[in-house]
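[1] requesting a structural model of the entry that follows:
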Amino acid sequence: RNPMALAAGARLRSLMPRRPGCTWRRGRNFSKMLIDIQSIDDGEAKGIEVESSLLPREVLAQQKFRRRKRKNKDKDADDDKVSIIVARRGKSVFGYVNRCPHMLLPLEWFPDQFMSVDNLHLQCSTHGALFEVDSGLCTAGPCVGKSLVKVPLEVNDSGEISIAKSRQGE
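    Alright, predicted model coming up:
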């Protein structure tokens, strides 16, 4: 590869404006910014749809994805999407697959309404189960002792939140 062309490409990418949903090349893997940390208020959470191909294998292995068998081979655009929760506590962010371990239903009743009334826990709107924000562990409700499936997140110096790359098998 031509080192001059690589340097020119890096300069061009650095001049391009970054926006949510933009994909950037990082080595052989792609990293996709999910959301900016400033767009989530401290003590709040947001729901984001991501492509399942962006999730680490460990997350996919833990998650019980229900796939419908199709007669034709055409895929829906939403078939490979997974809803995740991004919760913020100060400068820390926590990610989970948006499925209650009790009934495998999404946690929120209305868009981005994940937090309990006191803003201390993530709450399942179906049956009121409470989950610790920092661990995903259920502390009250029918699924006590079970946990939400954790999605590893990272925040860069610009405050952009993305899915952390898997340490195994890279």
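
[2] and Leu153, how many residues sit next to it?
    20 (other C-beta atoms under 10 Å). In short, each C-beta sits where N, CA and C put it, glycine included.

[3] whoops, I mixed them up, Ile163
    Neighbours of Ile163 under the rule other C-beta under 10 Å: 20.

[4] where in this structure is pLDDT low?
    Within the chain, the ranges that satisfy pLDDT under 70 run 1-31, 63-79, 166-170.

[5] mind doing that once more with 90?
    Low-confidence segments of the chain, defined by pLDDT under 90, are located at 1-36, 51-82, 91, 101-105, 108-112, 119, 126-127, 157-158, 164-170.

[6] who's in contact with the closest residue to Val133 other than its chain neighbours?
    With sequence-adjacent residues excluded and distances taken as C-beta to C-beta, 6 or more residues apart in numbering, Val133 is closest to Ala87, at 5.0 Å. Contact partners of Ala87, counting by C-beta atoms under 8 Å, 6 or more residues apart in numbering, are Ile40, Glu44, Ala45, Val93, Phe94, Gly95, Tyr96, Phe114, Met115, Leu122, Val133.

[7] which of those residues are buried? Put it as a PyMOL command.
    Those of these that count as buried under 16 or more other C-beta atoms under 10 Å are selected in PyMOL with:
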select buried, resi 40+44+45+93+94+95+96+114+115+122+133
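
[8] so which of the contacts of Ala87 sit within strands?
    Judged by DSSP state E, these include Ala45, Val93, Phe94, Gly95, Tyr96, Leu122 as members of strands.

[9] pull the most distant pair out of these.
    Using C-beta to C-beta, the ones in strands among the contacts of Ala87 reach their maximum pairwise distance at Val93 and Leu122, which is 13.1 Å.
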